[in-house]
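# below is the sequence, then the predicted model.
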Amino acid sequence: MVLIDSSVWIDYYQPGTSESLKSAVKKLIEADEVAINGIIAVEVLQGTASDGDYQRVLNDMTTFKEFALDWNVFKRAAKLGFDLKRQGITIPTIDILIAATALENNCSLWHQDDHYELIAQRAGLKTENWLNP
């Protein structure tokens with residue numbers, strides 16, 4: 001299972017995006033290996049350009065595995081943020097919650113955000129960085 005961050009979804013839905021990214025995401029979708037959480041859905045949906053785009057993306061997202069933001073995810077995120085701050089690293093709370101979701105569900109996180117690579121180096125987060133594939 002792969003949790004796909006909004007940074008990848010935003011590019012996925014943009015015309016002219018890298019065909020390798022689109023192809024890789026489509027393969028995951030076809031294999032039913034895509035997961036999201038509520039934060040990712042909000043970030044992607046609020047950026048859609050029209051009612052039609054909003055509905056199309058929402059329809060897509062309802063077919064993906066949804067990882068809930070339960071108390072275990074929040075506890076893990078809090079500890080992750082705490083540990084990173086002690087190392088002098090400040091990560092936005094939203095990114096920590098998304099990373100904690102992937103860690104808690106033992107899945108990989110696809111992204112285009114270097115914050116996740118900082119987390120991966122220190123917390124065992126499995127990532128695939130599409131910023132510089």
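Great, that's in hand. Residues are numbered from 1 along each chain as shown.
# so what does the longest helix along the chain touch, helix or strand wise?
Of all the segments of type helix in the chain, defined by DSSP state H, the longest one is helix 71-86. Packing contacts for helix 71-86, counted by 3 or more Cβ pairs under 8 Å, 6 or more residues apart in numbering; DSSP states H and E, involve helix 93-104, helix 114-123. Quick note: C-beta positions are derived from backbone N, CA and C, even for glycine.
# now residue 89: closest residue in space, sequence neighbours ignored.
Of all residues not flanking residue 89 in the chain, residue 118 sits nearest, at 5.8 Å (Cβ to Cβ, 6 or more residues apart in numbering).
# where does the most far-flung residue of the chain relative to its centre land on pLDDT?
Here the chain reaches farthest from its C-alpha mean at residue 86, the gap being 24.3 Å by Cα atoms, centre = their mean. We note a pLDDT of 97 for residue 86 in this prediction.
# now swap in residue 12 and tell me
Reported pLDDT for residue 12: 96.
# quick one: it from residue 25, how far?
5 Å (Cβ to Cβ, to the nearest Å).
# quick one: contacts for the residue nearest to residue 66 when sequence neighbours are not counted?
Spatial nearest neighbour of residue 66, excluding adjacent residues (Cβ to Cβ, 6+ apart): residue 36 at 6.2 Å. Residues counted as contacts of residue 36 (Cβ atoms under 8 Å, 6 or more residues apart in numbering) are 3-4, 61, 64-67.
# which of the residues you listed count as buried?
3-4, 61, 64, 67 (16 or more other Cβ atoms under 10 Å).
# follow-up on the earlier one: could I get the contacts of residue 36 as a markdown table with distance to residue 98?
Compiled in a markdown table, those are given as follows (distance: Cβ to Cβ, whole Å):
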| residue | distance to residue 98 |
| --- | --- |
| 3 | 7 |
| 4 | 10 |
| 61 | 15 |
| 64 | 14 |
| 65 | 15 |
| 66 | 13 |
| 67 | 10 |
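# closest one to residue 51 out of those, please.
Of all these, residue 51 sits closest to residue 61, with 15.6 Å by Cβ to Cβ.
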